[in-house]
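Asks: Below is the sequence, then the predicted model.
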Amino acid sequence: MSRIGKKPIKVTQGVEVSFKARLLSVKGPKGELELKAHPAIELNIDTEKILVTPADLDAPMTPMLGTTWALISNMIHGVTEGFQKQLNLVGVGYKAAVSQKILELNVGYSHPIKYALPDGIKATVNANTRILLESSDKQLLGQVSAEIQKFRPPEPYKGKGILFEGEKIKRKAGKSGKT
């Protein structure tokens, strides 16, 4: 059995958890998230903890126990504290702006790129080159930040592009002239 799946998940103050018809619903101050539980997983919900157990004790469901435990733990963390990702625009003339739910990027193309932010994602731009994305859903946040980075992935020669905060680019040497 999964080592992480054996631990109970602590339900923090201000979080409402309900489990009906294989659908787990977690509601908190930062939003509401839902998860459809795998048929081989059982959830035992108490007022202050959630236990993830296999439905059939003879079946090997170790991977699903740990995965389900991590998803539920991320849901509880998301609705209480939320998740953040920061993207940095590196390049001459690169800038970003947000108006309502549209992120406008100028990243070296002849036209600005307009990206419609999905529901559940909040974006703020600091100093025209730093984009801070916030959400209660960890998976959605990672997906949106990856889609934004695809508009101008970091390149290894000059180090330009859209980078995650703290990401290091392994630089390559360019062409050298004949000597």
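Replies: Yep, that arrived. Since this is a predicted model, take the numbers as computed values, not measurements.
Asks: Can you show me the strands along the protein?
Replies: With DSSP state E as the criterion, the chain has strands at 9-10, 16-20, 23-28, 31-36, 41-45, 49-54, 83-90, 95-99, 102-106, 113-116, 121-126, 130-135, 161-164.
Asks: what pairs with the shortest one, and is each one parallel or antiparallel?
Replies: Each strand that pairs with strand 9-10, with its direction, by DSSP bridges: strand 49-54 (antiparallel).
Asks: For the partner strand, report the contacting residues that lie outside it.
Replies: 1, 5, 8-11, 17, 40-44, 61, 65, 68-69, 72 (C-beta atoms under 8 Å, 6 or more residues apart in numbering). In short, each C-beta sits where N, CA and C put it, glycine included.
Asks: Just the buried residues of the residues you listed.
Replies: For those, a neighbour count by 16 or more other C-beta atoms under 10 Å gives the buried set as 5, 9, 11, 17, 41, 43, 61, 65, 68-69, 72.
Asks: Mind telling me the two of the residues you listed farthest from one another?
Replies: The widest separation within these, taken as C-beta to C-beta, falls between V11 and M61 and amounts to 23.0 Å.
Asks: is it true that K101 touches G120?
Replies: No - if you go by C-beta atoms under 8 Å, K101 and G120 don't touch, sitting 10.7 Å apart.
Asks: So between these two, which is more surrounded?
Replies: G120 (17 against 13; other C-beta atoms under 10 Å).
Asks: and the more buried one, what pLDDT?
Replies: G120 carries a pLDDT value of 90.
Asks: Am I right that it is in contact with G31?
Replies: Yes - with contact taken as C-beta under 8 Å, G120 and G31 are classed as touching, separated by 6.9 Å.
Asks: And the helix or strand of the chain with the lowest mean pLDDT, what's buried?
Replies: Between all helices and strands in the chain, the lowest mean by mean pLDDT, DSSP states H and E belongs to helix 3-6, at a mean of 77. When burial is assessed from 16+ other C-beta under 10 Å, helix 3-6 yields the following buried residues: G5.
Asks: Contacts for it next, please.
Replies: Counting by C-beta under 8 Å, 6+ apart, helix 3-6 makes contact with 52, 62, 65-66, 68-70, all of which sit outside it.
Asks: If we use 7 Å, what do you get?
Replies: 52, 65-66, 69 (C-beta atoms under 7 Å, 6 or more residues apart in numbering).
Asks: CA atoms of that helix as CSV?
Replies: As requested, the backbone C-alpha atoms of helix 3-6 are provided in CSV (Å, rounded to 0.1, in the frame of the first residue of the first chain):
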residue,chain,number,x,y,z
ARG,A,3,3.1,5.1,2.2
ILE,A,4,1.7,8.6,1.5
GLY,A,5,-1.8,7.2,1.0
LYS,A,6,-1.9,5.8,4.5
